[in-house]
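Chemist: Model the structure of this input:
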Amino acid sequence: MARKLWQPPWGFREGALFVAGIALVGFALQLTVGYFDFYVLHFPANIVALALLVALIATGARWGDAPLLRWFSGMSFAIALIVGLLVLAFYMELTPQAVRPPPPSAGWVARLGFASVTSSWPFVLLYATTLLALGIAVARRLRHATRHDFVFLCNHLGLWILLAAAGFGAADMQRVVMYVREGETEWRVYNKNEEAIQLPLAIELKDFRLEEYPPRLALIDRASNKPQPEARPDYVQIDPTRTRGKLGDWNLVVDEYLHEAVRIDGEFRPSPMPASTPAARVTATNALSGAVKSGWVSGGGNVAGFYAALDLDDKSFLAMTAPEPKRYSSDIVVYPKDGKSVAARLEVNKPLTVAGWTIYQFDYDKDAGKMSTYSAMELVRDPWLFPAQFGMALMALGALLLVWRGAGARRRTP
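Modeler: This next block holds a predicted model:
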């Protein structure tokens, strides 16, 4: 005889309906209250909320043998929760998400929370329910744990710690951008209202360095001033091992290339000075008419503007694109408020961590290029990073133990 809905013991169907009910409550709150503000949970409010959650988990574990709590912390309800979160995550991946929640005057899709899913009430309620259910499941297993439960506890406790650190620590994360000029020391950043905020560390910029790739040559139409063909422009990449190319009807030969040059009396000469720019002496031969043009071409690439183009005919000319950055770095000295100074070279994807702050090479004055007089650095402070890393380490240990256990079982199989 088939089990009727809501007839004990409950299973996945009841879990799916329960999750749908939580989502409906979330949509109702979304329409009446608006998006959830995670910044409400900043220290110490997040500690209080986390303590209340742990108290609920401890109470649930104390009465964990009750049928309702066994179902709430069991597999069938966990699957229903995962499906609900996956539906929201799937929509979030397929649609653009707002960095900040949109205003109440936005359309119905935004008002229902889909414009910023992670700040919507349906997501928040399902996320909190997941933390509660997963926490009770872990606490129940801890009460009667044996060595056989170690892998389960590594995976599930690690996941709970990671989720809790991500949710309750979001409001405590600080992310700011500091602009420091060469030879100067800065300790202030500015918020969106242009108000200065003093940080507990200062950064001195000793030197900013920029390396560039060789530029490209392009055929420019005089009427539109755009690279040709306009629908899909063609370029010739300057390379020391490749000195020939073709653009339209013109065959090109790069006779000389200077990666760092300045223009003196109409000629480009090698110079390592900050205002130098790439330049190439090019010979262009028209494959149809046989006309030959020769001269210097330069894209400038900085505020010095050593620009030069080669006239080909009354319809087009040869130009050089601005060089693209290859690597940029900053030689800095960091002065923590309480601690010793640290000197380092800051590069992209090579951050520096000092006094709880992680400093990233972020940007520079792109218009000035190598002549940029400042460096922009992103500073991130996340006091909940260690708990999140600890949770991930537990999950990694649990995964390795699962693999090891499976390999051992296969070896014992005759």
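
Chemist: Now do whichever strand or helix holds Asp331: everything it contacts.
Modeler: For Asp331, the host element (DSSP states H and E) is strand 325-336. With C-beta atoms under 8 Å, 6 or more residues apart in numbering as the test, strand 325-336 has contacts from 180, 185, 200-213, 341-348, 352, 354-355, 359, 361, 364, 375, 377. The way it works is simple: take the backbone N, C-alpha and C, and place the C-beta from them, glycine included.

Chemist: for the nearest residue to Pro101 once chain neighbours are set aside, phi and psi?
Modeler: Excluding its sequence neighbours, the residue lying closest to Pro101 (C-beta to C-beta, 6 or more residues apart in numbering) is Tyr35, at 3.6 Å. The phi/psi pair for Tyr35 (degrees, to the nearest 10) reads phi -70, psi 150.

Chemist: returning to what we had before: among the contacts of strand 325-336, which ones are buried?
Modeler: In the contacts of strand 325-336, burial by neighbour count holds for 180, 201-205, 208, 210, 212, 342, 344, 346, 352, 354, 359, 361, 364, 375, 377, counting by 16 or more other C-beta atoms under 10 Å.

Chemist: Distance-wise, check the nearest residue to Gly183 once chain neighbours are set aside relative to Pro44.
Modeler: In space, and not counting its chain neighbours, Gly183 is closest to Leu205: 7.1 Å by C-beta to C-beta, 6+ apart. Counting by C-beta to C-beta, to the nearest Å, the gap between Leu205 and Pro44 amounts to 36 Å.

Chemist: Check Asp65 too.
Modeler: Taking C-beta to C-beta, one finds Asp65 at 35 Å from Pro44.

Chemist: Just give the nearest non-adjacent residue to Gly113, would you?
Modeler: Ser120 (2.7 Å).

Chemist: you'd agree Phe12 is up against Leu81?
Modeler: No - Phe12 lies out of contact with Leu81 (C-beta atoms under 8 Å); the separation is 10.8 Å.

Chemist: just to revisit the earlier point, and the residue nearest to Gly113, how many neighbours?
Modeler: Using other C-beta atoms under 10 Å, Ser120 is surrounded by 26 other residues.

Chemist: check contacts around it.
Modeler: Counting by C-beta under 8 Å, 6+ apart, Ser120 makes contact with Gly26, Gln30, Tyr35, Phe36, Leu88, Leu112, Gly113, Phe114.

Chemist: and if you look at Gly15?
Modeler: Neighbours of Gly15 in contact, by C-beta under 8 Å, 6+ apart: Trp71, Ser76, Phe77, Ile79, Ala80, Leu81.

Chemist: And the fourth one, which helix or strand is it part of?
Modeler: Under DSSP H and E, the secondary-structure element containing Ile79 is helix 75-94.

Chemist: List the buried residues of that helix.
Modeler: Result for helix 75-94 [16+ other C-beta under 10 Å]: buried residues Ser76, Phe77, Ala78, Ala80, Leu81, Gly84, Leu85, Leu88, Met92.

Chemist: Give me the domain ranges for the protein.
Modeler: Listed by automatic domain parsing, the domain ranges of the chain are 12-173+387-412, 176-209+327-381, 214-323.

Chemist: what about the helices in the stretch 201-350 of the chain?
Modeler: Ranges of helices in the stretch 201-350 of the chain, per DSSP state H, counting those that start in this stretch: none exist.

Chemist: hey, where'd the strands end up in it?
Modeler: For the stretch 201-350 of the chain, the strands defined by DSSP state E, counting those that start in this stretch cover 216-221, 235-237, 244-247, 250-264, 267-270, 277-286, 292-299, 307-308, 310-311, 316-320, 325-336, 342-347.

Chemist: least reliable of those strands going by mean pLDDT?
Modeler: Sorting those by mean pLDDT places strand 307-308 lowest, at a mean of 86.

Chemist: which residues of the stretch 101-250 of the chain score low on pLDDT?
Modeler: 104-105 (pLDDT under 70).

Chemist: Distance to Gly158 and pLDDT added to the buried residues of helix 75-94, as CSV?
Modeler: Conversion of those to CSV gives the following (distance: C-beta to C-beta, whole Å; pLDDT from 0 to 100):
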residue, distance to Gly158, pLDDT
Ser76, 22, 93
Phe77, 20, 95
Ala78, 16, 94
Ala80, 22, 95
Leu81, 18, 96
Gly84, 22, 95
Leu85, 18, 94
Leu88, 23, 93
Met92, 24, 90
